[in-house]
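> Quick one: sequence plus predicted model below, questions after.
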Amino acid sequence: MEAPMIYELRSPKHIVPGKKYPALFVMHGMGTNEYDMLSLVDGLEDIFYIFSIRGHLNQGQGYAFFTIQGYGKPHRKVFDEGINKLTHFIEFASQNYSLDPSRLYLMGFSQGAIVSMTLGLTLPAIKGVVALSGYIPVFVKEEYKINPNKNLAVFISHGEYDQALPYEWGRENNEYFTGLGLPVTFKSYPEGHTVSEKNVLDFREWLLNDVQR
């Protein structure tokens, strides 16, 4: 079966036959590529299969998962297409690698955080989401079928001085997931639209703790 999207794979060095491993699906921000975030998860391949996925749309010198029609407003049709492609990719990976279906995690920055939260809200197979500086589109909340895993856990972070996506949107993400009765770890940092070293340490610690639950 051919992969529905281009990706970079990092996997455990010593695969034990018959053993199922946790998976971490990584989604980059607008205008970058599948290599952009690998440094943030370096070493986690000792535990996870890591799939760093390239957006299917050309965007400047890089790629994107969707386009936008205005501030905080994705083009709905293009967004739906991106979510469908990512859903099919997760299905592809689950069928072609030794993944533990009860320990599938999503992680993304900016645009990648947006699609990660959307997939976490709509795919009951997802165990955890790491959303770095994103938002949940209004039409996702109002029109998508919200059907998260009953054990879904979420790590949300946002820069207090984010010049691209307002800090308040990060707070709204926290409130939305909390309102669904899901456990949320919300962290803020005195940063702009970036991922600080402290942020990296925090989400890595969260991932390693959650995957053992």
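Cool, the structure landed.
> C-alpha only now, for contacts and for neighbours.
Will do.
> after the longest helix seen in the chain, next one along is what?
Counting residues, the longest helix found in the chain (DSSP state H) is helix 76-96. For helix 76-96, the succeeding helix or strand toward the C-terminus, using DSSP states H and E, is strand 99-109.
> Please enumerate residues in contact with that following strand?
20-29, 49, 93-94, 113-116, 120, 125-134, 211 (CA atoms under 8 Å, 6 or more residues apart in numbering).
> before we move on, back to that, same for the longest helix of the chain, what does it pack against?
helix 111-122 (3 or more CA pairs under 8 Å, 6 or more residues apart in numbering; DSSP states H and E).
> elements contacting the helix it packs on?
Taking 3+ CA pairs under 8 Å, 6+ apart as the contact cut, helix 111-122 packs with strand 21-27, helix 76-96, strand 99-109, strand 126-132.
> the inter-axis angle of the third one versus strand 21-27?
Looking back up the chat, that one is strand 99-109. 30 degrees (axes from the mean of the first three to the mean of the last three CA atoms, to 10 degrees).
> chain center to strand 99-109: distance?
8 Å (CA atoms, centre = their mean, to the nearest Å).
> That one pairs with which strands?
Applying DSSP bridges, strand 99-109 is found paired with strand 21-27 (parallel), strand 126-132 (parallel).
> what angle do the first one and helix 76-96 make?
Put plainly, it is strand 21-27. 160 degrees.
> Other residues contacting strand 21-27?
34, 37, 47-55, 90, 98-109, 111-113, 115-116, 211.
> In PyMOL, how would I select just the buried ones from those residues?
To isolate the buried members of the contacts of strand 21-27 in PyMOL, using 16 or more other CA atoms under 10 Å:
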select buried, resi 34+37+47+48+49+50+51+52+53+54+55+90+98+99+102+103+104+105+106+107+108+109+111+112+113+115+116+211
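> thinking again about what came up before, give the buried residues for the longest helix of the chain.
Taking 16+ other CA under 10 Å as the criterion, helix 76-96 shows R76, F79, D80, G82, I83, K85, L86, F89, I90, F92, A93 as buried.
> center of the chain - which residue?
Among the residues of the chain, the one closest to the centroid is M107, at 2.8 Å (CA atoms, centre = their mean).
> what about it, distance to V211?
Using CA to CA, to the nearest Å, we find M107 at a distance of 14 Å from V211.
> What's the first helix or strand after the host helix or strand of Y176?
With elements taken from DSSP H and E, the one containing Y176 is helix 167-179. Per DSSP H and E, the first helix or strand lying C-terminal to helix 167-179 is strand 184-189.
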